[in-house]
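**Student:** turn this into a structure:
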Amino acid sequence: MAKMTTQQLQSMKVDGIKISMTTAYDYPTARLVDKAGIEIILVGDSLMMTVLGDDSTVGCTMEQMIHHIKPVVLGAPNPLIVGDMPFGSYNVSTEQAIANATRLMKEGRCDVIKLEGGREVAHIVAAIVAAGIPVMGHIGLTPQTVSKLGGFKVQGRGEAAARALVDDALALEAAGVWGIVLECMPENVGKAITEQTALPTIGIGGGRYCDGQVLVFHDMMGIFDRFTPTFVKQYLNLGPDIVEAFEAFRSEVRSGVFPEARHVFGAISESEVD
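**Tutor:** The predicted model follows:
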């Protein structure tokens, strides 16, 4: 498998080949995703909730993003690696946005960056792209500004709201994004955006007509159990199995069953011990 590029992903849209994308935040997970042939890995600020236990993504820092992007890049040489721009890293000025996007690319070594927002961030996107950094957009439910949106709920309901999302996508396309995440919107809105732009669209609750789909690793594997969004399909439910394995380990340690003879090293003479 060769290294995935944004040009290849755009060709997949043209050819009608669906794109798969998932999150990873560490080396071993990235290795597994790479072996599965997934086209895109998102190192998302969702790590704040799924890995670090926070109740939102807002507190994520540049240092945390870079820390988690690095091992994913090392573990997954083939997928396109997308690094999330955390909240507050691109909303002060275009200079700040370019500087922080550059950090993700230089220090994290991701292939592209992703940021949230539509028309209101189009000028920032254009500046980052002009600086030579590929940008992925993200509209609909934008977790970094969820309090402004009134909570984790579907966006784009109603004609005006739906039109606004289409306009956001078109503005981001004009600003130079290579692709866009469509989160939590009516299926017909995701379909309209997919049809009206040349951008590869990646849905997460964006419906069946998007050019691809993304799920958070911990959601799809049943490891994150605080809540499960409606759009998530659990391909495995590892959480209970992992708990059961830990319980078996604890029991065997208590009873002396573990370690067995095959888990210990051979004896040496007493003189060697002395």
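
**Student:** which SS class is G206?
**Tutor:** What DSSP: H, G, I helix; E, B strand; the rest coil gives for G206 is coil.

**Student:** quick check, G222 in contact with Q234.
**Tutor:** Yes - judged on C-beta atoms under 8 Å, G222 makes contact with Q234 at a distance of 4.8 Å. All C-beta spots, glycine's among them, are computed from the backbone N, C-alpha and C.

**Student:** who has more neighbours out of the two?
**Tutor:** Neighbours per residue (other C-beta atoms under 10 Å) separate G222 from Q234, with G222 holding more: 18 against 14.

**Student:** show me what contacts the more buried one?
**Tutor:** Counting by C-beta atoms under 8 Å, 6 or more residues apart in numbering, G222 touches Q234, L236, N237, L238, G239, P240.

**Student:** for the spatially most central residue of the chain, give me the pLDDT.
**Tutor:** Centroid-nearest residue in the chain: L42, 3.1 Å away (criterion: C-alpha atoms, centre = their mean). As predicted, L42 sits at a pLDDT of 98.

**Student:** partners of the one helix or strand it maps to in the sheet?
**Tutor:** Using DSSP states H and E, L42 sits in strand 40-43. Strand pairing for strand 40-43, determined by DSSP bridges: strand 19-23 (parallel), strand 80-84 (parallel).

**Student:** hey, which of those strands is tucked in deepest?
**Tutor:** strand 80-84 (a mean of 27; mean count of other C-beta atoms under 10 Å).

**Student:** what about that strand, distance to the chain center?
**Tutor:** Taking C-alpha atoms, centre = their mean, to the nearest Å, the mean C-alpha location of strand 80-84 is offset from the chain mean by 7 Å.

**Student:** how far does stretch 228-245 stretch from start to finish?
**Tutor:** In stretch 228-245, first residue to last residue: 23 Å (C-alpha to C-alpha, to the nearest Å).

**Student:** now do the buried residues in that stretch.
**Tutor:** The neighbour-count criterion (16 or more other C-beta atoms under 10 Å) identifies F231, V232 as the buried residues of stretch 228-245.
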